[in-house]
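S.K.: Sharing a sequence plus its predicted fold:
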Amino acid sequence: MTRTHSTWTGEVSAGSVPWAQGAAFAVLVLTLQACGGQPAGTPVPRIDAERAAARALATSQVTAPSRVDFEWSLSEPSLRVAGKGVARLEPDKARLDMFLRNGANVITIALVDGEVRVPPGQMFNVLPAPPLLWAALGVFRPDDSMTLLGGEALGDDVVRLRYELDDGTELRYRIDAGRVQRVEIREDGHVLHRVTLTLEDGYDHPTEATYRHIAAFRELKVRIDSVKTVETYPASIWDPRR
């Protein structure tokens, strides 16, 4: 049995949950930038980025239908909320449902290749790019529209891959032995979004994920309870818009 995880975050007007607007502590944008893995002034060796990307693609993919049960907690300057959730995964597909402790649904989202699908009326003010959502599942899946800028060696079998998104921001993967370890979206040298994954020996996928929206000082943490291999899901679950 393999372990995996799922996480997604964004502001949502669903039920009676008032997602707060946390603009305080934006100065932390300057202090929470990722470390390059090398001392200042030390040249970072370049690598064959296409080869490293191919390895990550082969290593991190979902290979069988599975169900992941997890606990989650969200914190903002004026909000603390927690609950449970379930992620249903197949190759090229993922669906995430998050609930409060009382069972009320907070988020339903399906990700099919690069397309994000949400039910009618469920509004999101913050929606990370699909590659960031996939990365939160431990899956390396850059969009075809992204441009590979290059890659660098950061240490013993640890590499960084850099991509340009359609809007001109940069997406950086930190990959350890072919497994996604951290992903960031940057603009003008500052980190906007970050996903950090906990990798443990003996497990194929991360056991915990933390998503941070830096300027809003928002943190969503997901901890895995169980992972099960299941039968193929009905096609209808992949489109919650219906």
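M.R.: Done, it's in. Residues are numbered from 1 along each chain as shown.
S.K.: Next one: the residue sitting nearest the centre point of the chain from residue 182, what distance?
M.R.: A centroid search over the chain (C-alpha atoms, centre = their mean) returns residue 136, at 2.4 Å, as the residue closest to the centre. With distances taken as C-beta to C-beta, to the nearest Å, residue 136 is found 11 Å from residue 182. Where C-beta positions appear, they are placed from N, C-alpha and C, glycine not excepted.
S.K.: and for those two, which residues touch both?
M.R.: Here residue 136 and residue 182 share the contacting residues 195, 197, scored by C-beta atoms under 8 Å, 6 or more residues apart in numbering.
S.K.: Show residues contacting stretch 157-174.
M.R.: For stretch 157-174, contacts defined as C-beta under 8 Å, 6+ apart pick out 34, 36-37, 44, 47, 49, 52-53, 56, 129, 131-132, 135, 140, 142, 145-154, 175-177, 180-187, 192.
S.K.: Tell me which of those residues fall in strands.
M.R.: When these are checked against strands (DSSP state E), the matches are 147-154, 175-176, 180-187, 192.
S.K.: got the contact list for the one helix or strand in the chain whose mean pLDDT sits lowest?
M.R.: In the chain, no helix or strand scores lower on mean pLDDT, DSSP states H and E than helix 130-136, which sits at a mean of 80. With contacts defined as C-beta under 8 Å, 6+ apart, helix 130-136 is touched by 5-8, 94, 111, 114-116, 140-143, 146, 163, 171, 173, 180, 183, 185, 193, 195, 197, 209, 211.
S.K.: what do you get for stretch 44-54?
M.R.: For stretch 44-54, the external contacting residues (C-beta under 8 Å, 6+ apart) are 36-38, 140, 142, 148-154, 159-162, 175.
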